[in-house]
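Engineer: Pasting a predicted model and its sequence here:
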Amino acid sequence: MIQAAAAVVTLTGHDGDVLGLAALNDGRLASAGRDGTVRVWSPGRPDEAPLVLTGHTGPVRAVTGLVGGRLVSAGDDGTVRLWDLTSGTATSVLRGTEVAPRTALEVLADGKLAVGGGDGVVRVWDPARPDAPPVEHRHHTGAVRALVQLGDGRVASAGDDRTVQVWDPGRPSAKPLVLKGHTAALWALAALPDGRLASGDGAAAGPGRIRVWDLKVTPAKPLVLNGTGIQRALLVLGDGRLLSVDDAGPLRIWDVATDAATPDRTVADQSVGTVSAALLGDGRLALGGTDGAIHVRALPAA
């Protein structure tokens, strides 16, 4: 069901938390739910029901688009599923030899798929060879919650062990660059246009923080930005500013080029209960909540 009010489009249908969101190249929006379903919405056509994809046997933690119009999802059932959005069926199911929740996804520049695990392992699969075993990167000691590929081809991963690790996907045995300083589990990463890396943490007991790392500087001395709650998402806007989505309420837009420790813009109480977020191709922001709803809204003017 889709409801529109005050320039906000609300998409309802999930039974429980909306744990992952992804903007697709054709303008649609994919969502991953604690209810075990993946749904594909058309925010520009508010009367159209979503495509519902079923097959996972537990919460779906992450979803993202693939080239060729396909979709990939990952969940607590230990599977990664590749979907044909024309037929609504899974064309491949990637399992691996060790069953563990699949908690994060990132499509790499070469078309391979990096999958973060609840066991701290990042597995890199080739979707063109679904029967081939993944390459395993065993760097973390806790669940991997976020992944992002940097402009130089390296991958950054972060999660429950409170570290950010930067590594070469083609060299699984090489030691990663380990960035320390966070004091809570990490939930979000973003690659900035200037080559820097942003990471966001948070816990129920205290405010979350964002660190902006210059990977060319050793030892790393990040810019630290203070949030309110858990930093559920970090999104790079078209003008290079950083949007932080805080589950305690505020949306903050940071001009990180100035090294200022205060946000350029703050929009209060817009993301209470948010657990996922995505920027749509038309510039709007989608927020997935604990109430099973997705709220699509315009961002404030610069």
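Structural biologist: Yes, it's here.

Engineer: For the rest of this, base every contact and every neighbour count on C-alpha atoms.
Structural biologist: Fine.

Engineer: In three-state terms, label the closest residue to Gly206 other than its chain neighbours for me.
Structural biologist: Take Gly206 and drop its neighbours on the chain: the residue closest to it by C-alpha to C-alpha, 6 or more residues apart in numbering is Gly229, 6.7 Å away. When classified by DSSP: H, G, I helix; E, B strand; the rest coil, Gly229 comes out as coil.

Engineer: what number of residues lie near Gly229?
Structural biologist: Applying other C-alpha atoms under 10 Å, we find 22 other residues in the vicinity of Gly229.

Engineer: thought Thr290 was touching Thr274?
Structural biologist: Yes: with contacts defined as C-alpha atoms under 8 Å, Thr290 counts as touching Thr274 at a distance of 6.4 Å.

Engineer: of those two, who's got more company?
Structural biologist: Thr274 (28 against 20).

Engineer: Enumerate every residue touching the more buried one.
Structural biologist: Residues counted as contacts of Thr274 (C-alpha atoms under 8 Å, 6 or more residues apart in numbering) are Arg232, Val245, Asp246, Asp247, Leu287, Gly288, Gly289, Thr290.

Engineer: out of those residues, which one sits closest to Ala23?
Structural biologist: Using C-alpha to C-alpha, Leu287 is the member of the contacts of Thr274 that sits closest to Ala23, with 11.5 Å.

Engineer: hang on, that closest one in a strand?
Structural biologist: Yes: the assignment for Leu287 (three-state DSSP) places it in a strand.

Engineer: Count the residues that sit near the closest residue to it other than its chain neighbours.
Structural biologist: Among residues not flanking Leu287 along the chain, Ala277 sits closest, at 4.5 Å (C-alpha to C-alpha, 6+ apart). Ala277 is surrounded by 28 other residues when neighbours are defined as other C-alpha under 10 Å.

Engineer: Which helix or strand contains Ala277?
Structural biologist: Counting by DSSP states H and E, the secondary-structure element that holds Ala277 is strand 274-279.

Engineer: Return the distance of that strand from the chain's centre.
Structural biologist: Strand 274-279 sits 8 Å away from the centroid of its parent chain (C-alpha atoms, centre = their mean, to the nearest Å).

Engineer: The residue nearest to Leu287 against Val245, yeah?
Structural biologist: Yes: A contact is recorded between Ala277 and Val245 when judged using C-alpha under 8 Å, the distance being 7.4 Å.

Engineer: quick one: Asp15 and Asp35 touch, right?
Structural biologist: Yes: taking C-alpha under 8 Å as the contact criterion, Asp15 and Asp35 are neighbours in contact, 5.5 Å apart.

Engineer: who has more neighbours, these two?
Structural biologist: In terms of neighbours (other C-alpha under 10 Å), Asp35 is the more surrounded of Asp15 and Asp35; the figures are 20 against 15.

Engineer: Residues in contact with both of Ala277 and Val245, list them for me.
Structural biologist: Listed as contacting both Ala277 and Val245 by C-alpha under 8 Å, 6+ apart are Arg232, Ala233.

Engineer: Can I get the contacts of Thr274 in JSON lines including pLDDT and distance to Leu150?
Structural biologist: Formatted as JSON lines, the entries for the contacts of Thr274 read as follows, by pLDDT from 0 to 100; distance: C-alpha to C-alpha, whole Å:
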{"residue": "Arg232", "pLDDT": "95", "distance to Leu150": "20"}
{"residue": "Val245", "pLDDT": "93", "distance to Leu150": "21"}
{"residue": "Asp246", "pLDDT": "88", "distance to Leu150": "23"}
{"residue": "Asp247", "pLDDT": "87", "distance to Leu150": "26"}
{"residue": "Leu287", "pLDDT": "94", "distance to Leu150": "24"}
{"residue": "Gly288", "pLDDT": "95", "distance to Leu150": "25"}
{"residue": "Gly289", "pLDDT": "93", "distance to Leu150": "28"}
{"residue": "Thr290", "pLDDT": "93", "distance to Leu150": "30"}
